[in-house]
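Asker: predicted structure and sequence below. I'll ask about it afterward.
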Amino acid sequence: GDFAEELETVVIGSGPGGYVAAIRAAQLGQKVAIIERGEIGGACLNVGCIPSKALIHASHKYQTSLDSKILGIHTKETTVNFKETQAWKNKEVVVTLTKGVEMLLKKNKVEIMKGEAHFIDNETLRVMYDDESGQTYNFKHAIIATGSRPIEIESFKFGKRVIDSTGALNLTEIPKKLTVIGGGYIGVELAGVYANFGTEVTILEGSEQILPGFEKDMVKLVVDAFKAKNVSIVTNAMAKSVKQTDKKATVTYDAGGQEEAIDADYVLVSVGRKPNTDDIGLELAGIKTNDKGLIEVDEQGRTNKKNIFAIGDVVPGAALAHKASYEAKVAAEVISGSKGAAVDYLAMPAICFTDPELATVGYTKKEAKEHGYDVKESKFPLAGNGRALSLNQTEGFVRLITEKESGTLLGAQIAGVSASDMIAEIGLAIENGLTAEDVTLTIHSHPSMAESVMDAAELALGQPIHI
Ligand code: FAD
């Protein structure tokens with residue numbers, strides 16, 4: 001129709017930012033509509049966190065079946081039918097989850113609109129529906145959660161052989177050779193998947209180390225594990241150009257002043273993501289972005305227009321799903337009348353699903369010092385943990401950063417099996433201002449990986465039992 005319909009709260013995008021914001025705002029009494037131009041669940045559920053973790057799991061299963069001789073398990077021959085792996089990932093994992101989210105939206109009476117939204121001004125937007133019809137809506141509040149997409153570099157145009165993370169997640173064959181440009185966590189996780197399946201992988205990283213956000217002793221474990229799988233890692237490498245044919249792609253790069261070329265079946269370009277803020281009519285709504293195209297918001301998620309909020313990958317900070325969901329709840333509460341709700345990122349974890357897993361929360365030792373703390377560092381090796389030993393995975397450690405005087409937990413870094421789960425306990429402790437002693441007074445079940453957190457805390461108190 002031609003005249004505008006009225007909406008109370010409209011959420012644009014249904015990723016882990018948008019769908020969580022929509023559900024929470026509805027729970028708090030708002031009448032909510034969510035607009036999605038693609039698949040419900042956003043990048044995270046469809047082409048990000050979830051499918052990548054599914055393929056990582058499958059690749060571990062494959063690896064484990066090859067490596068289980070020491071446990072007395074001998075398999076005749078382990079083969080992979082990668083089309084079946086992909087079908088499992090797509091149907092059993094992704095679709096199950098996205099359908100689940102759709103159900104949750106409906107259960108909470110969120111209206112789902114399948115189309116593309118563009119602002120007309122700061123109280124009006126237009127939705128172009130999939131059938132090419134359009135409708136204009138007035139809204140009281142809007143939450144922008146349009147997420148991000150892979151960066152495409154001019155000299156590495158995506159095509160049949162030059163692919164982005166979405167392409168790498170959806171290959172239907174295991175490549176013989178794969179070149180990965182960019183050693184950030186997305187590139188490294190996907191490199192790990194294919195390396196586990198037997199692909200000859202080369203990672204080209206522009207800086208001095210892969211996973212630049214993680215500390216050296218953590219990254220070293222990942223690098224050593226990669227080396228054991230014959231993955232080549234070239235650091236300080238400048239990828240310059242690519243020649244793409246129907247069958248392969250050849251990358252030319254510069255390493256230490258030397259020009260090199262490398263052939264592969266596929267080249268994965270994972271050099272970062274950019275926010276989907278360029279074509280949603282932000283200028284018409286009068287919403288400001290910074291030089292990276294990110295929307296500047298205050299600690300309640302409010303843009304420079306007071307009725308419009310922005311969350312997730314479109315705002316500054318780490319581009320992580322749990323950050324998007326966290327900001328979503330704050331924005332939903334503020335819209336629904338909470339005056340005090342505000343973000344606080346101190347206890348926000350970051351995880352890399354490599355071999356071994358890496359996880360961090362709070363400050364590193366260096367960051368804690370920079371913030372003026374007198375710090376103590378306590379590093380407990382997983383080799384001292386019975387559960388790790390019985391899992392045949394003793395690589396890694398739990399490191400706690402505490403304030404020297406009070407023992408207050410300021411941060412932690414964990415490398416090893418289940419690091420992604422273990423980090424949650426320390427997040428809870430930091431969020432609540434707990435000390436190392438509080439952790440030691442908490443009975444941890446035996447045998448468990450989480451016991452290592454208690455062991456590290458005992459170390460912080462100078463009374464370690466297991467080291
Ligand atoms: P998105 O999930 O990107 O969702 C945005 C949605 O908005 C999309 O569905 C899009 O179609 C829709 N949209 C955009 N424009 C419009 C419009 N104009 N109208 C209507 N709809 C629109 N994070 C983690 O925390 N852990 C991980 O393990 C992890 N692994 C990842 C692995 C990969 C391969 C990738 C690519 C990302 C990974 N991430 C991970 C990052 C995570 O996916 C993102 O941080 C997260 O999805 C951001 O959520 P969001 O809600 O801001 O945006």
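Answerer: Received it, and whenever you're ready, just let me know what you need.
Asker: within range of the ligand, give me the residues from the stretch 301-450 of the chain.
Answerer: Contact residues, the stretch 301-450 of the chain versus the ligand (Cβ under 6 Å from any ligand atom): Gly312, Asp313, Ala319, Leu320, Ala321, His322, Ala324. In this view, the C-beta of every residue, glycine as well, is placed from N, C-alpha and C.
Asker: and the third one, how many neighbours?
Answerer: Right, the one you point to is Ala319. By other Cβ atoms under 10 Å, 21 other residues sit near Ala319.
Asker: from memory it sits against Arg149, does it?
Answerer: No. Using Cβ atoms under 8 Å, Ala319 is not in contact with Arg149; the gap is 11.0 Å.
Asker: hey, what's in contact with both of these two?
Answerer: Residues touching both Ala319 and Arg149 (Cβ atoms under 8 Å, 6 or more residues apart in numbering): Arg273.
Asker: distance check, the residue most central in space within the chain against Pro349.
Answerer: Closest to where the C-alpha atoms of the chain average out (Cα atoms, centre = their mean) is Leu320, at 4.4 Å. From Leu320 over to Pro349 the distance is 9 Å, taken as Cβ to Cβ, to the nearest Å.
Asker: how about Glu123?
Answerer: 37 Å.
Asker: same deal with Gly281?
Answerer: Gly281 is 34 Å from Pro349, by Cβ to Cβ.
Asker: quick one: which of the two has more around it?
Answerer: Higher neighbour count among Gly281 and Pro349: Pro349, with 21 against 15, using other Cβ under 10 Å.
Asker: mind telling me what element the closest residue to that one other than its chain neighbours is part of?
Answerer: Here the nearest residue to Pro349 in space, its sequence neighbours aside, is Val361; by Cβ to Cβ, 6 or more residues apart in numbering that works out to 4.2 Å. Per DSSP states H and E, Val361 falls inside strand 358-362.
Asker: residues contacting the helix or strand that that strand is followed by, please?
Answerer: Per DSSP H and E, the first helix or strand lying C-terminal to strand 358-362 is helix 365-370. With contacts defined as Cβ under 8 Å, 6+ apart, helix 365-370 is touched by Val375, Glu377, Ile401, Glu403, Leu410, Gly411.
Asker: list the contacts of the last one.
Answerer: With contact set as Cβ under 8 Å, 6+ apart, Gly411 has these partners: Thr360, Val361, Gly362, Tyr363, Thr364, Lys365, Glu367, Ala368, Leu400, Ile401, Ile430.
Asker: for the ligand, what is the nearest residue in the stretch 301-450 of the chain?
Answerer: In the stretch 301-450 of the chain, the residue that lies nearest the ligand is Gly312 (2.2 Å; Cβ to the nearest ligand atom).
Asker: so where's this structure uncertain?
Answerer: 1-2 (pLDDT under 70).
Asker: which helix runs longest in it?
Answerer: Across the chain, the helix with the greatest residue count (assigned by DSSP state H) is helix 49-67.
Asker: buried residues in it?
Answerer: 49-56, 58-60, 62-63 (16 or more other Cβ atoms under 10 Å).
Asker: what does stretch 434-452 give?
Answerer: Leu434, Thr435, Ala436, Glu437, Val439, Thr440, His444, Ser448, Met449, Ala450, Glu451, Ser452.
Asker: got the contact list for that stretch?
Answerer: 378, 380, 382, 384-388, 390, 397-398, 400, 402, 406-409, 416-418, 421-422, 425, 428-429, 453-454, 457-458, 460-461, 463.
Asker: one more: stretch 164-180?
Answerer: Outside stretch 164-180, the residues within contact range by Cβ under 8 Å, 6+ apart are 47-48, 51-52, 55, 80, 82-83, 86, 150, 152, 158, 163, 186-188, 190-191, 194, 197-204, 249, 251, 262-270.
Asker: filter those down to the buried ones.
Answerer: Buried members of the contacts of stretch 164-180, counted by 16+ other Cβ under 10 Å: 47-48, 51-52, 55, 80, 86, 150, 158, 163, 186-188, 190-191, 194, 197-204, 249, 251, 262, 264-270.
Asker: just to be sure, which of those are found in helices?
Answerer: Those of the buried ones among the contacts of stretch 164-180 lying in helices (DSSP H): Val47, Pro51, Ser52, Leu55, Gln86, Ile186, Gly187, Val188, Leu190, Ala191, Tyr194.
Asker: the residue nearest to the centre of the chain contacts Cys352, correct?
Answerer: No. Proximity of Leu320 to Cys352 does not meet the contact threshold set by Cβ under 8 Å, at 10.9 Å.
Asker: re the thing from before, tally up the residues packed near the residue of the stretch 301-450 of the chain closest to the ligand, please.
Answerer: Around Gly312 there are 34 residues (other Cβ under 10 Å).
Asker: tell me the residue of the stretch 51-200 of the chain that sits nearest the ligand?
Answerer: For the stretch 51-200 of the chain, Cβ to the nearest ligand atom, closest residue to the ligand: Gly147, 2.0 Å.
Asker: would you check how far apart that residue and Leu294 are?
Answerer: Distance from Gly147 to Leu294, by Cβ to Cβ: 12 Å.
Asker: now do the shared contacts for the two.
Answerer: Common neighbours of Gly147 and Leu294 (criterion: Cβ under 8 Å, 6+ apart): Pro275, Val314.
Asker: could you give the angle of the helix or strand Leu409 falls within to strand 358-362?
Answerer: According to DSSP H and E, Leu409 maps onto strand 409-415. Strand 409-415 runs at 170 degrees relative to strand 358-362, counting by axes from the mean of the first three to the mean of the last three Cα atoms, to 10 degrees.
Asker: hang on, the earlier thing: hang on, isn't the residue nearest to Pro349 packed against His322?
Answerer: No. Judged on Cβ under 8 Å, Val361 makes no contact with His322 at a distance of 11.1 Å.
Asker: overlap in contacts, those two.
Answerer: Joint contacts of Val361 and His322 (Cβ under 8 Å, 6+ apart) are Met348, Pro349.
Asker: now Ser270: closest residue in space, sequence neighbours ignored.
Answerer: Once flanking residues are discounted, Ser270 sits nearest to Gly187: 3.5 Å by Cβ to Cβ, 6+ apart.
Asker: verify the stated contact: the one you found with Ile181.
Answerer: Yes. In this structure Gly187 lies within contact range of Ile181 using Cβ under 8 Å: 7.3 Å.
Asker: run a quick neighbour tally on Lys366.
Answerer: Lys366, neighbours per other Cβ under 10 Å, totals 11.
Asker: same question, Ile174
Answerer: When neighbours are defined as other Cβ under 10 Å, Ile174 has 19 of them.
Asker: for the longest helix of the chain, packing partners?
Answerer: When contacts are defined as 3 or more Cβ pairs under 8 Å, 6 or more residues apart in numbering; DSSP states H and E, helix 49-67 packs onto helix 165-169, helix 185-196.
Asker: could I get the ones you listed in CSV, plus columns for distance to the ligand?
Answerer: What follows is those, written out as CSV (distance: least, Cβ to the nearest ligand atom, whole Å):
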stretch, distance to the ligand
helix 165-169, 4
helix 185-196, 5
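Asker: just the C-alphas of stretch 153-161, formatted as CSV.
Answerer: The C-alpha coordinates for stretch 153-161 follow below in CSV (Å, rounded to 0.1, in the frame of the first residue of the first chain):
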residue,chain,number,x,y,z
ILE,A,153,40.0,-6.8,-1.9
GLU,A,154,40.3,-5.4,-5.4
SER,A,155,43.2,-7.6,-6.5
PHE,A,156,41.5,-10.7,-5.0
LYS,A,157,38.0,-10.6,-6.5
PHE,A,158,35.9,-13.5,-5.3
GLY,A,159,35.1,-16.1,-7.9
LYS,A,160,35.1,-19.9,-8.4
ARG,A,161,38.5,-20.4,-6.9
